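Novice: Quick one: sequence and predicted model below, then my questions.
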Amino acid sequence: MTENEIADRIMDAAFQIHWELGPGLLESVYEVILARKLTDMGLVAERQVPVSIRFQDIVFDEGFRADLIVEQKIIIELKSVERLLPVHSKQLLTYLRLTGCRLGLLINFGENLMKDGFKRIVNGLER
């Protein structure tokens, strides 16, 4: 399955969750529910994945934790805020560069309309 096919499924799941629960819950609540929904859809979804980074020839075992990594291809950065800021996109792009993943999804469950809460961030992935 390609990154884009997986992303379509992730977006469908996020829309369903937002439709049923609405905005306003903690990010961690949406994370656990989205991970479960994706698993139920037959996708491998890992939560709070520690990612090592290298800086000046020093390897740090836990440089950051990815909210969700799906099928070892897509990083999902979840938010539950009033609106996304440019720094959120920069954060996810850095995660993509450090992991070598080509697609990231920034999903903000804090939006009133879920369609306003999605942002695709690419790192060398063609549409």
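Specialist: Looks like it arrived, so ask away. Numbers count the residues shown, from 1 in each chain.

Novice: make it CA atoms for all contacts and neighbour counts henceforth
Specialist: Will do.

Novice: Is the closest residue to Leu78 other than its chain neighbours part of a helix or strand, or is it coil?
Specialist: Spatial nearest neighbour of Leu78, chain neighbours left out: Ile107 (5.0 Å); criterion: C-alpha to C-alpha, 6 or more residues apart in numbering. Here Ile107 is recorded as strand under DSSP: H, G, I helix; E, B strand; the rest coil.

Novice: now swap in Gly42 and tell me
Specialist: Secondary structure, three-state DSSP: Gly42 is coil.

Novice: what sits against it?
Specialist: Counting by C-alpha atoms under 8 Å, 6 or more residues apart in numbering, Gly42 touches no other residue.

Novice: Now the lengthiest strand in the chain: average pLDDT?
Specialist: Longest strand in the chain, counting residues (DSSP state E): strand 58-70. For strand 58-70, the per-residue pLDDT values average out at 90.

Novice: If the residue nearest to Leu78 is in a bridge, with which residues?
Specialist: Leu78, Phe118 (DSSP bridges).

Novice: starting at the chain centroid, how far to the longest strand of the chain?
Specialist: How far strand 58-70 lies from its chain's middle: 13 Å, per C-alpha atoms, centre = their mean, to the nearest Å.
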